[in-house]
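K.L.:
Quick one, fold the following:
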Amino acid sequence: MDALANFFLENQDMIYIVILSIFLGIEVISHVPAILHTPLMSGANAIHGVVIIGAIIVMGHAKGDDYLALTLGFLAVVLGTLNVVGGFVVTNRMLEMFNKKK
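P.N.:
Numbers count the residues shown, from 1 in each chain. This is a model prediction of the structure:
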């Protein structure tokens, strides 16, 4: 228990920044108009693609006997890929709603 309290005391500034970032993100997202949702979602998916590249690089630098790092890296790559593909599928469906019917 002392180690956990020590961690929070040592990283208090960073914890405050993360908490404030969460509240700021919630405020920004809740005020986005519906018309901007699709372009913002596409942009977020593109940014998440960079996260996937970063996860691949970090996983490549992990030691061969560090199974925890390799497993977490692989999981990050798989879940990030699912997020990007799923986001672009949803974006494509939303854009299809604006096509004229034949």
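K.L.:
lowest average confidence, helix or strand, in this protein?
P.N.:
Lowest on mean pLDDT, DSSP states H and E among the helices and strands of the chain sits helix 37-61, with a mean of 79.
K.L.:
what's that one in contact with?
P.N.:
Here helix 37-61 makes contact (Cβ atoms under 8 Å, 6 or more residues apart in numbering) with 32, 69-70, 73-74, 76-77, 80-81, 83-84, 87-88, 90-91, 94-95. Glycine gets a C-beta too; all of them are placed from N, C-alpha and C.
K.L.:
Among the residues you listed, the buried ones, what's the ChimeraX command?
P.N.:
Listed next is the ChimeraX selection for buried residues among the contacts of helix 37-61, using 16 or more other Cβ atoms under 10 Å:
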select :73,76,77,80,83,84,87,91
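K.L.:
Report the secondary structure state of Phe98.
P.N.:
Secondary structure, DSSP: H, G, I helix; E, B strand; the rest coil: Phe98 is coil.
K.L.:
before we move on, the earlier item: cross the contacts of helix 37-61 against helices and list the overlap.
P.N.:
The members of these that map onto helices under DSSP state H are 69-70, 73-74, 76-77, 80-81, 83-84, 87-88, 90-91, 94-95.
K.L.:
Please parse this protein into its domains.
P.N.:
1-31, 34-102 (automatic domain parsing).
K.L.:
which one of the ones you listed has the most crowded surroundings?
P.N.:
Among these, domain 34-102 has the highest mean neighbour count (mean count of other Cβ atoms under 10 Å), at a mean of 12.
K.L.:
what's the spacing between the least confident helix or strand of the chain and its chain's center?
P.N.:
7 Å (Cα atoms, centre = their mean, to the nearest Å).
K.L.:
again, but for stretch 13-26
P.N.:
15 Å.
K.L.:
And stretch 20-28, by the same measure?
P.N.:
Taking Cα atoms, centre = their mean, the mean C-alpha location of stretch 20-28 is offset from the chain mean by 15 Å.
K.L.:
i'd like the first residue to be 54 from this point on
P.N.:
Done: numbering now begins at 54, and the last item shifts to stretch 73-81.
K.L.:
What are the contacting residues of that stretch?
P.N.:
Counting by Cβ under 8 Å, 6+ apart, no residue outside stretch 73-81 touches it.
K.L.:
Appreciated, that's everything.
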